[in-house]
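Peer 1: here's a sequence, model it:
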Amino acid sequence: MTIQKKLLLASLLMLTFLLGGCIRIQYDATVHLDQSVTLKTTYAAKEHPVARLLNFNPDWEMYAKQAEKNGYAASTFKTKDDYEGLRMEKTFANLEDLASIKDEWKTGVGGILIPPDTTYDVDKHEGFWFNTYRLNTNIDLSIDRLNIKGYHPTGQVKKLADRYIRQADIEIKLHVPEVVALQNAEKIDWANYNDVSWKLYGTKDNQLQLVAYVPNPTGWIITGVVLLIGLGLLTFWIIHHVRKLRRKQLQTISISLLVCLLLGGGAWLIFADETASAPPPTTQIVTESKGEIVPTFMVHGLFGTERTFLPMIENFTEKKLADEGGRCDVDRTGKVTCKVKDSSTGFPLVRIIFEDDEASLAQQQTWLEAAIAQYDKQQKATFTDIQLVGHSMGGVDVVEYTLNENLPYTIRKVVTLDAPIGGSNYATLGLTLAPFGTNTNSPAIQDLAENSKAIERLKARLETWPRDVLVYSFGAKGGDFNLIPLDSSFTLEDYTDNIQTKSYKYDHFTIHRREPVFREVRDFLFKENLVLEEEDDQ
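Peer 2: Next up is the predicted model:
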């Protein structure tokens, strides 16, 4: 192999920068009273540089024909946000027939994307009133499992294809008859006890746990008969003996009824505890601020998308700590279009989206300032304080923005998620390979390279970092490629004492989608704004 070919092969490492949530998969299953199951499946993909490089261009019409051969009603579609894909629907006669999807999967995307070696461990526990079924399973997508006809990449190309597939956004929904109670992991929402859903990704270790409580007819019939007999005897006894009762007998009856109520209530509490929902969220109050709201602006990284921060926003909204405050899109000419949403919590989460995410740091700074200013102009509520969150290059953007001495806002907190504040050696590698025809010499990659003029200017300005800004920097040290060295992610440690740092064994492309990271960011941004209800009552 020539040196040029080796360099071109090595350049595939750099292309891991391109990965993002450009594949969507949704399974929607409904179990009917006759135990038949209707399965609706949706696959969608968005045109992406990695897909073009890998020749991974799905032929949705062909997949629709494959699905129809497997007994599905299938149709192709396109969406306004440039996704295109396939919708399929099929009803299975019973639960056991679902096993056939493992064979259908072998036909590629036209089948059902559940690998044959996916584990399904079901434990059944018989109870007097309910039989409990506990299912543990996992999902892990890879090129080997997809077995797409005529597509068998090897070596570094296979690694890149695997990583692309594992960026898939996957959603699983399950609906059952009203008589069945479902529990997702350790929580159950009694308002929707017959519906559960999971949002996960194609990466490894997606563990799903489902608990189903199915009524035991025998137990309920016996209970009903016993209650009817007891009620009948009590009615008969009252009618014939109530007039003859003495005070002592009335006391005995009262105590007996009280004991029954206590025993019954205790049994209910024990059963309810097994399926209790999580405790209600604490009451949120806005800390002292001259404005009505405190927005958190979220900036994606190189080749990021409008979906980069959606999982985090959904998590924070679900926890009732913040809510989606809209988005500001910046086109290649610098024109800003903001869609503003009212905030019920006082903490709107606002996405800043660059159409040209390969632009230079200086250009993105201009756009970021314009986007925040436009949001301020359109937002009916006033704000003086803001918070900033950035992933990858977006983290460098928010650091640069914080250093601006003429900001009209007070920056409370900054979160960086595996941001190359000190530069990236992979960006340096990309510039080395650019003469061989790779697309790795964009203004963004030039600026992110170690010892670039942009990085050197940034480091020089860090001496003026505002000491009152609280910082939480996260570093990724997992995956096949450690794109950003931890000392680069944690560069701000050398310039401020008001900083926390934490590294996770996640890769650069998923660290901002992980629940442990959500929890840390939630606590950092919003914990001081919360008080316990009992404290609020005092």
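Peer 1: who are the contact partners of Pro32?
Peer 2: Quick fix: residue 32 is His, not Pro. Shown in contact with His32 (CB atoms under 8 Å, 6 or more residues apart in numbering): Thr38, Pro177. (Each C-beta comes from the backbone N, C-alpha and C, glycine too.)
Peer 1: which intervals of the stretch 251-400 of the chain have sub-threshold pLDDT?
Peer 2: Residue ranges of the stretch 251-400 of the chain with pLDDT under 70: 251, 253, 265-290.
Peer 1: any idea how far Ile23 lies from Pro58?
Peer 2: 10 Å (CB to CB, to the nearest Å).
Peer 1: His512 too?
Peer 2: Taken as CB to CB, the span from His512 to Pro58 is 26 Å.
Peer 1: hey, where'd the helices end up in the stretch 301-450 of the chain?
Peer 2: 310-318, 361-378, 393-402, 425-433, 443-448 (DSSP state H, counting those that start in this stretch).
Peer 1: and for Gly230, the neighbour number?
Peer 2: Using other CB atoms under 10 Å, Gly230 is surrounded by 11 other residues.
Peer 1: do the same with Val398
Peer 2: 23.
Peer 1: for the stretch 351-500 of the chain, what spans make up the strands?
Peer 2: For the stretch 351-500 of the chain, applying DSSP state E, counting those that start in this stretch gives strands covering 385-391, 410-417, 470-476, 499-504.
Peer 1: so which of the ones you listed is nearest Asn131?
Peer 2: Across those, Asn131 has its closest neighbour in strand 499-504 (39.4 Å, CB to CB).
Peer 1: between the helices of the stretch 301-450 of the chain, which gets nearest to Lys477?
Peer 2: The nearest among the helices of the stretch 301-450 of the chain, by CB to CB, is helix 425-433 at 14.3 Å.
Peer 1: what touches both of Ile23 and Pro58?
Peer 2: With CB under 8 Å, 6+ apart, Ile23 and Pro58 have common neighbours Tyr43, Ala45.
Peer 1: which of these two has more neighbours?
Peer 2: Remark: of Ile23 and Pro58, Ile23 carries more neighbours, 25 against 20, as counted by other CB under 10 Å.
Peer 1: ok, for that one, nearest residue in space, not its chain neighbours?
Peer 2: Closest residue to Ile23 apart from its sequence neighbours, by CB to CB, 6 or more residues apart in numbering: Ala168 at 4.0 Å.
Peer 1: how close does that neighbour get to Gln387?
Peer 2: Ala168 sits at a distance of 30 Å from Gln387 (criterion: CB to CB).
Peer 1: of these two, which one has the most company?
Peer 2: More crowded of Ala168 and Gln387, by other CB under 10 Å: Gln387, with 24 against 21.
Peer 1: could you find the closest non-adjacent residue to the more buried one?
Peer 2: Thr296 (4.2 Å).
Peer 1: wait, that neighbour sits on Ile386?
Peer 2: Yes. Counting by CB atoms under 8 Å, Thr296 does reach Ile386; the two are 7.3 Å apart.
Peer 1: and the gap between the residue nearest to Ile23 and Phe509?
Peer 2: The gap separating Ala168 from Phe509 is 12 Å, by CB to CB.
Peer 1: same deal with Gly127?
Peer 2: 44 Å.
Peer 1: what's the helix or strand for Asn131?
Peer 2: Asn131 is part of strand 130-139, with elements assigned from DSSP states H and E.
Peer 1: circling back: bridged to the residue nearest to Gln387, which residues?
Peer 2: With DSSP bridges as the criterion, Thr296 is bridged to Leu349, Gln387.
Peer 1: buried deepest among the strands of the stretch 351-500 of the chain, which one?
Peer 2: strand 385-391 (a mean of 25; mean count of other CB atoms under 10 Å).
Peer 1: helices and strands around it, which ones?
Peer 2: strand 296-299, helix 393-402, strand 410-417, helix 515-526 (3 or more CB pairs under 8 Å, 6 or more residues apart in numbering; DSSP states H and E).
Peer 1: distance to Ser254 for those - can I get that in CSV?
Peer 2: Formatted as CSV, the helices and strands packed on strand 385-391 follow (distance: least, CB to CB, whole Å):
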stretch, distance to Ser254
strand 296-299, 59
helix 393-402, 68
strand 410-417, 60
helix 515-526, 50
